[in-house]
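Participant: 3D model of this:
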Amino acid sequence: LTLRKNTDMETQSITEILNKEFIAQAINYNQYLSLLNELFEAGKTTGDDHSEAMLNYAKMNLQRMNRLNKTIALTEELKAAIHQFDDANKMTWIVITEGWCGDAAQNIPLLNKIAEESKQINLKLILRDENLSIMDQFLTNGGRSIPKMIVLDSESLDLIGTWGPRPEVAQNMVKEFKKIPDGNYPEFQKELQLWYAKDKTLSQQTEFISLLKAWNSSNN
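Facilitator: Below is the predicted model of the structure:
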């Protein structure tokens, strides 16, 4: 869970890259889904690694997103936080992602549901490996972890905050796993995905109630 205030240096470097022309060319959620499906039908995923393992991840992620698209129900508390924004406080959410990323598949459908609920949020997605100059300004503990969401004021393009790569509970699970010498990563991934399935996006939704209130305050 991350809330970042912009500095003059950050704002300058971000706006040089994340200008309105770049944002206009970024894809929306439906285009992202279409891209992933088209690539998978061609035996590919995003990025350069189209191995059997990566394609298996891509297949599972499409299944996860399709399920979440149908089952996510926003809580009334989150809806209230979403609707606090007035017409003058419009945000652009730019999500850095890849089709093979399990955390992206578990989180981006909720981001889309939030954006659909609000007239003030413009959700855009970009691929990490095609935009490393952007990714490298939003590292997590020095790593290119995704999904990573950059929150901008839609008019000024000032940086309001960031979120990602996963909910705090899941992030703590990852931190604890990394402390284990010779940990079984495939087994941990199963455990993490099971947590997502049981949680049903409620942890993410709770985080976004606080984040939206903070972002609204900083954008006034």
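Participant: Give the helix, strand or coil label for residue 137.
Facilitator: State at residue 137, reduced to three classes by DSSP: H, G, I helix; E, B strand; the rest coil: coil.
Participant: how near is it to residue 106?
Facilitator: Note on residue 137: its distance to residue 106, by CB to CB, to the nearest Å, is 24 Å. Where you see a C-beta, it was placed from the backbone N, CA and C, and this is true even at glycine.
Participant: more crowded one of the two?
Facilitator: A count of neighbours by other CB atoms under 10 Å puts residue 106 above the other of residue 137 and residue 106, at 25 against 16.
Participant: Can I take it that that one is in a helix?
Facilitator: Yes: counting by three-state DSSP, residue 106 is located in a helix.
Participant: wait, it sits on residue 64?
Facilitator: Yes: with contact defined as CB atoms under 8 Å, residue 106 counts as touching residue 64 (6.2 Å).
Participant: Ignoring the adjacent residues along the chain, who's closest to residue 31?
Facilitator: Distance criterion CB to CB, 6 or more residues apart in numbering; nearest residue to residue 31, sequence neighbours excluded, is residue 125 at 7.9 Å.
Participant: Which is the succeeding secondary structure element to the helix or strand bottoming out on mean pLDDT in the chain?
Facilitator: In the chain, the helix or strand scored least confidently by mean pLDDT, DSSP states H and E is helix 8-17, which has a mean of 56. Counting by DSSP states H and E, the element after helix 8-17 in chain order, helix or strand, is helix 20-25.
Participant: in that following helix, what counts as buried?
Facilitator: 22, 23 (16 or more other CB atoms under 10 Å).
Participant: helices or strands up against the helix or strand following that helix?
Facilitator: Using DSSP H and E, the helix or strand that follows helix 20-25 towards the C-terminus is helix 29-41. Applying 3 or more CB pairs under 8 Å, 6 or more residues apart in numbering; DSSP states H and E, we find helix 29-41 packed against helix 52-71, helix 102-117, strand 121-127.
Participant: coming back round to it: hang on, isn't the residue nearest to residue 31 packed against residue 97?
Facilitator: Yes: counting by CB under 8 Å, residue 97 is a contact partner of residue 125 at 5.6 Å.
Participant: tell me, what's touching these two both at once?
Facilitator: 32, 108 (CB atoms under 8 Å, 6 or more residues apart in numbering).
Participant: And for the closest residue in space to residue 68 that isn't next to it in sequence, the neighbour number?
Facilitator: In space, and not counting its chain neighbours, residue 68 is closest to residue 109: 3.8 Å by CB to CB, 6+ apart. Residues within reach of residue 109, counting by other CB under 10 Å, total 23.
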